[in-house]
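S.K.: Pasting the sequence and the predicted coordinates here, then a few questions.
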Amino acid sequence: MKSRLLETIAAAAGVAWLCGCSTASLFDSETPVPTNYVLAAAPLAKAPTPSRASTIDLAIARPDVIPGLDSRHIAVQKGRLLDHYKGTEWGGSVSEVVQTLLVGSLDQQQLFRSVTSEQTRVSADYILDVEVRDFQSEYAEGDGGSPQVRVTFVSRLIRIKDRELIATLVSTALKPAADNRMGAVAAAFESAAQQAALDLAGKAASAVATDVDKNPASTEPRKG
């Protein structure tokens, strides 16, 4: 029993060392609460763009995120070193933040009949499997100035009825931060993410419209 207790204490100490804090700070009620940032969806389109995709229901799966980026931390890269900003976090994991932004942004463009997250269990005709390849700010080597934010989504459009891969869509954006302050960096993240989402919305609608034209029966309900 004693040895197990010592092992538990040692494990806790190891976690504290990895976090860069003392064991006392883990239980210190006065430890500062991290500042949380959220990203707004792209604004509502002024007018819908009618197309064959306008009658289609689209679902967006919970994105896959490359190692090192899928956490609540706001990632920052300098050269080959990947780190994160101290004292700040996203309001959820990157996969949650990106899915929420994509659902809202694509829905706001009024290109589809509906856009929902996969978890809602709403019946959909197509689904977007999204991989987040970039979601970090980047500083140039030896540069103490403002960073730029890079966002890259690689999305696979799948027809749900027969699980057919329709298209692979790559959307990327690079936005400079106006200043080397966290508020400006968060604003650059939002701008880059919205630009990538809008690019994805247009490409997805075009790919869906093309597929519906080629395979009009592909989205018809299955007969019991």
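M.R.: Cool, the structure landed.
S.K.: how many neighbours does the residue nearest to Glu164 when sequence neighbours are not counted have?
M.R.: The shortest distance from Glu164 to any non-neighbouring residue, by Cβ to Cβ, 6 or more residues apart in numbering, is to Ile158 (6.8 Å). Bear in mind the C-beta positions are built from the backbone N, C-alpha and C, glycine included. Residues near Ile158, counting by other Cβ atoms under 10 Å, number 18.
S.K.: And Ile158, how far from Ile60?
M.R.: Using Cβ to Cβ, to the nearest Å, Ile158 is found at 11 Å from Ile60.
S.K.: next one: Thr152
M.R.: Distance from Thr152 to Ile60, by Cβ to Cβ: 16 Å.
S.K.: okay, the two: which has more neighbours?
M.R.: Neighbours per residue (other Cβ under 10 Å) separate Thr152 from Ile60, with Ile60 holding more: 28 against 18.
S.K.: in the sheet, who's paired with the more buried one?
M.R.: Beta-bridge partners recorded for Ile60 (DSSP bridges): Ser117, Leu128.
S.K.: my read: it touches Gln119, true?
M.R.: No - in this structure, Ile60 is not within contact of Gln119 by Cβ atoms under 8 Å, at 9.7 Å.
S.K.: what is the rounded mean pLDDT of the strand or helix carrying Asp134?
M.R.: Using DSSP states H and E, Asp134 sits in strand 126-139. The average pLDDT within strand 126-139 is 98.
S.K.: and if you look at stretch 145-155?
M.R.: 96.
S.K.: residues contacting the nearest residue to Ala178 once chain neighbours are set aside?
M.R.: Leaving aside its chain neighbours, Ala178 sits nearest to Ala184 (4.6 Å; criterion: Cβ to Cβ, 6+ apart). By Cβ atoms under 8 Å, 6 or more residues apart in numbering, the contact set of Ala184 is 146, 177-178.
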